[in-house]
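[1] Next one to model:
(chains A, B, C and D)
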4 protein chains.
Amino acid sequence: MAASYPKKKCGVLGATGSVGQRFILLLADHPFLELQAVGASERSADKKYKDAVRWKQSAPMSEKLSNLVLRECKAELFTDCDLVFSGLNSDIAGETGKGLQPGVSPSRSEDGMLTFKTEMAFIKAEIPVFSNAKNYRKDPIVPLVVPTVNPSHMDLIPHQRKHFGLKKGFLVCNSNCAVIGVVIPFAALQAKFGPVEEVEVFTEQAISGAGYPGVPSLDIVDNVIPFISGEEDKMENEAQKILGSLNADATAFNEQAGLRIGATCTRVGVTDGHMAFVSLRFKNRPAPKAEEVVQAMREYQSEAQKLGAPSAPEFAIKVFDEPDRPQPRLDRDISKGYTVSVGRVRDGAEGGYFDIRFAALSHNTVIGAAGSSILNAEVAVIKGYI
Amino acid sequence: MAASYPKKKCGVLGATGSVGQRFILLLADHPFLELQAVGASERSADKKYKDAVRWKQSAPMSEKLSNLVLRECKAELFTDCDLVFSGLNSDIAGETGKGLQPGVSPSRSEDGMLTFKTEMAFIKAEIPVFSNAKNYRKDPIVPLVVPTVNPSHMDLIPHQRKHFGLKKGFLVCNSNCAVIGVVIPFAALQAKFGPVEEVEVFTEQAISGAGYPGVPSLDIVDNVIPFISGEEDKMENEAQKILGSLNADATAFNEQAGLRIGATCTRVGVTDGHMAFVSLRFKNRPAPKAEEVVQAMREYQSEAQKLGAPSAPEFAIKVFDEPDRPQPRLDRDISKGYTVSVGRVRDGAEGGYFDIRFAALSHNTVIGAAGSSILNAEVAVIKGYI
Amino acid sequence: MAASYPKKKCGVLGATGSVGQRFILLLADHPFLELQAVGASERSADKKYKDAVRWKQSAPMSEKLSNLVLRECKAELFTDCDLVFSGLNSDIAGETGKGLQPGVSPSRSEDGMLTFKTEMAFIKAEIPVFSNAKNYRKDPIVPLVVPTVNPSHMDLIPHQRKHFGLKKGFLVCNSNCAVIGVVIPFAALQAKFGPVEEVEVFTEQAISGAGYPGVPSLDIVDNVIPFISGEEDKMENEAQKILGSLNADATAFNEQAGLRIGATCTRVGVTDGHMAFVSLRFKNRPAPKAEEVVQAMREYQSEAQKLGAPSAPEFAIKVFDEPDRPQPRLDRDISKGYTVSVGRVRDGAEGGYFDIRFAALSHNTVIGAAGSSILNAEVAVIKGYI
Amino acid sequence: MAASYPKKKCGVLGATGSVGQRFILLLADHPFLELQAVGASERSADKKYKDAVRWKQSAPMSEKLSNLVLRECKAELFTDCDLVFSGLNSDIAGETGKGLQPGVSPSRSEDGMLTFKTEMAFIKAEIPVFSNAKNYRKDPIVPLVVPTVNPSHMDLIPHQRKHFGLKKGFLVCNSNCAVIGVVIPFAALQAKFGPVEEVEVFTEQAISGAGYPGVPSLDIVDNVIPFISGEEDKMENEAQKILGSLNADATAFNEQAGLRIGATCTRVGVTDGHMAFVSLRFKNRPAPKAEEVVQAMREYQSEAQKLGAPSAPEFAIKVFDEPDRPQPRLDRDISKGYTVSVGRVRDGAEGGYFDIRFAALSHNTVIGAAGSSILNAEVAVIKGYI
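    Residues are numbered from 1 along each chain as shown, chains lettered A, B, ... in the order given. Modelled structure (predicted):
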């Protein structure tokens, strides 16, 4: 089935960084997305990939990739690509985007500014961009898509194109890695039990989430860090858009109103796999019981699965009955990292505020980052936007 | 000041286990508690300590200790002791105590039964027992004491003695290690702002909390475990007693009614130091703001400090302003492990259920276990119960 | 090519242990070795596999495996198998084997005795056994085979069968995991440069080498252990047999005389992948230089590869030029764990005793244990012994 | 006794770095060395210490230290100091020193050049410098001193002063952290059994040895790194000077000729404490046996101990009989990190090249760095050079 889609040539921007490396790994052996070009900073341009990268993946890089010559991240150098994945860095504190209107800075930081200009230049050159950067996630005309939750949000693409006067170019963002453990289970639950009203979420996040060199080892060996700069804000603010709906004429998103999220994000000495521990209260009374919640998660089928996207997992959510699961080392690679694992589903205490508690594990560099954009691109191809 | 107290000879039961080893370390160089005797199982009895123990402490054992001969844990072999510390093992699932009446099993497990019989035999032999075992923590006539919270609960000792017809013997328990990060801050807060109504607490607990051999390394390297058997129950049930009051004639405890605690306990690859992340709602409106909460914690002085107990820390609570503190490796040894460190004190979200969030770190084998009993014993000596 | 071999039905003895779990993982999707039966202790027999095992692999177990019913490890219960893999435990100190003559105990330990009796019973029931146990590794009529070094040693099988009066049964052992990093590179070097005379080898071994629960986490977090019981003896004594030759009529092994190995084995906090750091002196003068050594390793082709065994890696040895490679986390999975990675190949110091130094990484549970036996079985099938 | 020495006011250069922080910790509560001034880069100058430092020590910084104002590292700003400790950074590849003659660059790197100029300026301003930097370690008129090995080398100070026309200023270096585990045991052995001829040494080094941020966590969690840039060279070249002798008129060092060291240095996920695994061959035949080696180490008394330096450990070397010791987490803090722990002392194999093998553990930031310079300073005060 997937085999029937025509090949699409892909570029990866920020290809030597850790997100970029993941994009490249996930494109290896892809049925229709083919790595065509790799982009990096001016300093690395014209070098062979193997000479510019500090490859930190457990799978070795291919011979072909090793010898790809890096290009500067300029749109005119990527005209042979049908789409690009952006692993450009914008993860520096700053004001978030206020809309894609030219002249309005999405971020005060220099890196953020560069990412802004670069991604804009690509879409204006009619090259679709799937971005892991945070700059436009909350932008009102940019779909923020978790592929096993809201691929339908990509139906705003025609409106976005119209806004910019484009024919083929568009921008779609994937979400923050930590929010994944919340929104995928919530998609399953809200479809069946109505809106969630309040959430208390606590995370134990992997070091790969901070990139490379990222977290110094002296901070994490025999230690945990009780704070990740900027992460709690993202968790508290992205879910409402992802879980929201597209309006009738597909020109705007209606965020989920009344969903309050309180987040505490910590870093632990795990290589890959973010744990999220969620306590939630539904709006409707009586609230469902733990066993109903388990069943709803097990039955959940996302649009990406129904569309037959080749990277879509058989199950968006796997629910464990064992009390000591999921665990990062054992469960992060289920369905190659595209499935979220859930466990410890429990009823709230008698008379307590919360209805349900559960634990969720998501692979932060697959479904939580690069993998989401890959799967988003598959959906966009299947839907005919590319 | 402390120097004016007479020396007391101490025994340690379960001396070769990990809690026992900590008792021994903390007694080294103590101003008035002197290690006199070490007890272990029948199998180890009559061996030199150094030949029976697998010493896993970072401080070497003293020459004197090395050569102490282990005794079987029978009360008649410890008549030269003024008190004993019990590091006996009862940490196996089972029914918790229903009162010290003879014949009522405190625990279905074999280990628990043995601990029950052993500790009873010691107090009946008029030897006071300070126990880290969980068997009697919820017993209505046994003080459950966190020394920087409720040492006043030891004033029930005369009633306990009367109940058993004893002159000198009595039993005092220290609390579960994970609950420490909740009850010490709460003692400071409730004194000033009235009762806490509901708490959501999440822990990241150290491997030393599971004893030795305890957690297999394959379960914790590059991993976290989202569950600790029995731990959440203890967290949800011990705080009410610790934070409760003694009745007027010192014959019973009034547990703090209406305090609901929801707990999620996880294990992380940290050697020592439990983190607790707490979200709480006060009963009274309007609730205090974060800065008032910080001030209340900084001003808090516990009875143990006022009494001049030598191991009492200068501050029961240290509050950090830095957003990334406390951290286990950096902060667990503040005041030799008798201080609880708090950080990340934040107001709850606008319109959200919780008023305040904070993170607390406690040294699980000092203030969270053996150290609590040492400090409890100091208070008992100062108060004249020994 | 591999597809042309007929399917063989396989049993796994000790199937719930960590070696057994690896056997099972490696058999999943095998082109001609098919998992037919799983054996465990009396206590687990008749249970479903999923109910008896503590599955600690990062790949989930299949539905079919979950529901396989465990059999007691008795030969008469495995008559539907063409061969069995033994992950039985004998790793307890004891006298090693003195030959397969009945009545001569291979090991004083109870476990070792049981393994001895069990494996003997299987071969006498005409079921070939590929064993990871250490009991018979040094036995004069048992091939000790590292598949990318000495599969030719299996040509002693006819003699072994004759000795026992068997038609189909036989026993082949795989080697100790730590010795792999020495013998595979040595096979390449000795073929070209003549015998190695003396070796100083130092290892950093993964925790999975100790099984489960194995190494307590308190022993390895923020720590290394400078000693592994029994390991240095095995390293110092197995290589001579593996690197030795079969005599002319294939009835005995000639161990490599004059090869002296001094070993120091340590445990580090790595999940999988043993590092071996080797300093060696050749017998012949002048000795080869580092670049010649690198070339010899790169050109090395083992018999398993030439025979087209499906699990045989494309290269038995991968040599890195980067000075900081190989590393366990990045390189252990090359060729699914069947390749040994080598790096840091350096000349000895001017005037010093050693000619060459290098570092080798081998996946201890694949090429260092279960994987070796799988590949040995493939060779045995291809050679027509099964 | 130590109490009889007059107080000396100390400065710490590079005070915000990790070596600088250690200097400061070790000066807390020192009987006669008093922290007077802290120096840092221009960028940090005039800030309070607490506002410029990222304090990563497990002991909290004192109130007094927190408020010390940082000075730029210019000699004229430290005239109130009797001596300074230099934690300046020069650890960047480059040509090592060729003598202290003005104009001869000790290192091509910018950092190294700055350290060179800074330290020179201090001694020319008559302020003695005890340096942890590597620039001058091999300089022919600079003592390279491990305090429990060769404090007598400081008797070259008068000659060094004469060379520069100084009255009070001088420079003394401490050694590389990894070589400690070799030279302290060797000092004991060579005094009794004559010269060592050849050594093969393998290290497992702690992450704190790389400073902060130092080793990225993604490189060390579930991993080891088989290479530390520049480290093997230092190990192979510093020992000969440390173990050498001063000539008759105390104007030059005679390096130990004929001592060949082959080193392999690796990084492991341990916070503090370097392990060194040593195989050695004595020059004289017959070589001593393991038990004689153990006895020689146990009896060893260094000059620093005999002089009564307050930080000198009771025993320079502690020898363990247990086969699995020393271990970093358990043993690095013996004598506050000033003792080297040795274990696994074994005879070489029959007919093998090496006579003896042992394992040594040293605290890399105490006896292996800052602590050595503190103890060197104590000796210099006792000897009257300050």
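[2] Quick check: closest non-adjacent residue to the residue of the stretch 201-350 of chain A at minimum distance from chain C.
    Closest contact between the stretch 201-350 of chain A and chain C, by CB to the nearest CB, is at residue A:222 (4.2 Å). C-beta: built from backbone N, CA, C; applies to glycine. The shortest distance from residue A:222 to any non-neighbouring residue, by CB to CB, 6 or more residues apart in numbering or on different chains, is to residue C:222 (4.2 Å).
[3] do residue A:383 as well
    Computed as CB to CB, 6+ apart, the closest residue to residue A:383 that is not its neighbour in sequence is residue A:154, at 6.5 Å.
[4] next one: residue A:83
    Residue A:83 sits nearest to residue A:128 (CB to CB, 6+ apart), 4.4 Å away.
[5] State the distance from the nearest residue to residue A:372 once chain neighbours are set aside to residue A:148.
    Nearest residue to residue A:372, sequence neighbours excluded (CB to CB, 6+ apart): residue A:174, at 3.7 Å. As for residue A:174, its distance to residue A:148 is 12 Å (criterion: CB to CB, to the nearest Å).
[6] Around the closest residue to residue A:351 other than its chain neighbours, count how many other residues there are.
    Distances taken as CB to CB, 6+ apart place residue B:260 nearest to residue A:351, at 6.4 Å, with adjacent residues excluded. The number of residues packed near residue B:260 is 18, by other CB atoms under 10 Å in any protein chain shown.
[7] Quick one: residues contacting residue B:260.
    Shown in contact with residue B:260 (CB atoms under 8 Å, 6 or more residues apart in numbering or on different chains): A:349, A:351, A:352, B:197, B:198, B:199.
[8] can you give me the helices in the stretch 1-150 of chain A?
    Assigned by DSSP state H, counting those that start in this stretch, the stretch 1-150 of chain A shows helices spanning A:18-27, A:49-52, A:63-67, A:110-124.
[9] got JSON lines for the ones you listed, with mean pLDDT and mean neighbour count too?
    As requested, the helices of the stretch 1-150 of chain A are exported to JSON lines (pLDDT from 0 to 100; neighbours: other CB atoms under 10 Å in any protein chain shown):
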{"stretch": "helix A:18-27", "mean pLDDT": "93", "mean neighbour count": "24"}
{"stretch": "helix A:49-52", "mean pLDDT": "94", "mean neighbour count": "16"}
{"stretch": "helix A:63-67", "mean pLDDT": "90", "mean neighbour count": "13"}
{"stretch": "helix A:110-124", "mean pLDDT": "83", "mean neighbour count": "20"}
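[10] Quick one, which of the ones you listed gets closest to residue D:342.
    helix A:18-27 (41.6 Å; CB to CB).
[11] Counting by contacts, list what that closest one packs against.
    Counting contacts by 3 or more CB pairs under 8 Å, 6 or more residues apart in numbering or on different chains; DSSP states H and E, helix A:18-27 packs against strand A:8-13, strand A:33-40, helix A:371-382.
[12] As TSV, those with distance to residue B:241 would be great.
    Output for the helices and strands packed on helix A:18-27, formatted as TSV (distance: least, CB to CB, whole Å):
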stretch	distance to residue B:241
strand A:8-13	59
strand A:33-40	60
helix A:371-382	48
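[13] who wins for proximity to residue C:191 among these?
    strand A:33-40 (39.2 Å).
[14] The closest one to strand A:8-13, inter-axis angle?
    20 degrees (axes from the mean of the first three to the mean of the last three CA atoms, to 10 degrees).
[15] strand partners of strand A:33-40, parallel vs antiparallel please.
    Sheet pairing of strand A:33-40 (DSSP bridges) gives strand A:8-13 (parallel), strand A:71-72 (parallel).
[16] Near chain D, which residues of the stretch 101-250 of chain A are found?
    Selection of the stretch 101-250 of chain A residues close to chain D by CB under 8 Å from any CB of the partner chain yields A:207-208, A:212-222.
[17] Dump the residues you listed to JSON lines, plus secondary structure, pLDDT and distance to residue C:121.
    Formatted as JSON lines, these follow (DSSP: H, G, I helix; E, B strand; the rest coil; pLDDT from 0 to 100; distance: CB to CB, whole Å):
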{"residue": "A:207", "secondary structure": "helix", "pLDDT": "97", "distance to residue C:121": "49"}
{"residue": "A:208", "secondary structure": "helix", "pLDDT": "94", "distance to residue C:121": "49"}
{"residue": "A:212", "secondary structure": "coil", "pLDDT": "90", "distance to residue C:121": "53"}
{"residue": "A:213", "secondary structure": "coil", "pLDDT": "92", "distance to residue C:121": "56"}
{"residue": "A:214", "secondary structure": "coil", "pLDDT": "93", "distance to residue C:121": "54"}
{"residue": "A:215", "secondary structure": "coil", "pLDDT": "96", "distance to residue C:121": "53"}
{"residue": "A:216", "secondary structure": "strand", "pLDDT": "96", "distance to residue C:121": "56"}
{"residue": "A:217", "secondary structure": "helix", "pLDDT": "97", "distance to residue C:121": "51"}
{"residue": "A:218", "secondary structure": "helix", "pLDDT": "96", "distance to residue C:121": "55"}
{"residue": "A:219", "secondary structure": "helix", "pLDDT": "97", "distance to residue C:121": "55"}
{"residue": "A:220", "secondary structure": "coil", "pLDDT": "98", "distance to residue C:121": "50"}
{"residue": "A:221", "secondary structure": "coil", "pLDDT": "98", "distance to residue C:121": "48"}
{"residue": "A:222", "secondary structure": "coil", "pLDDT": "98", "distance to residue C:121": "48"}
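[18] Against which helices or strands is the helix or strand bottoming out on mean pLDDT in chain A packed?
    Using mean pLDDT, DSSP states H and E, helix A:110-124 stands out as the lowest-scoring helix or strand of chain A, at a mean of 83. Counting contacts by 3+ CB pairs under 8 Å, 6+ apart, helix A:110-124 is packed against strand A:83-86, strand A:129-131.
[19] just so I know, which of the ones you listed lies nearest residue C:234?
    Per CB to CB, nearest to residue C:234 of the helices and strands packed on helix A:110-124: strand A:83-86, 48.8 Å.
[20] element containing residue A:256?
    In the assignment (DSSP states H and E), residue A:256 maps to no helix and no strand.
[21] do the one 10 residues further on as well
    Mapping residue A:266 onto the secondary structure by DSSP H and E places it in strand A:260-267.
[22] who in the stretch 1-150 of chain A is up against chain C?
    Counting by CB under 8 Å from any CB, the residues of the stretch 1-150 of chain A close to chain C are A:56, A:57, A:58, A:59, A:60.
[23] List the residues that contact the last one.
    Neighbour list for residue A:60: C:331, C:334 [criterion: CB under 8 Å, 6+ apart].
[24] That one and residue C:314, how far apart?
    To residue C:314, residue A:60 is 12 Å away according to CB to CB.
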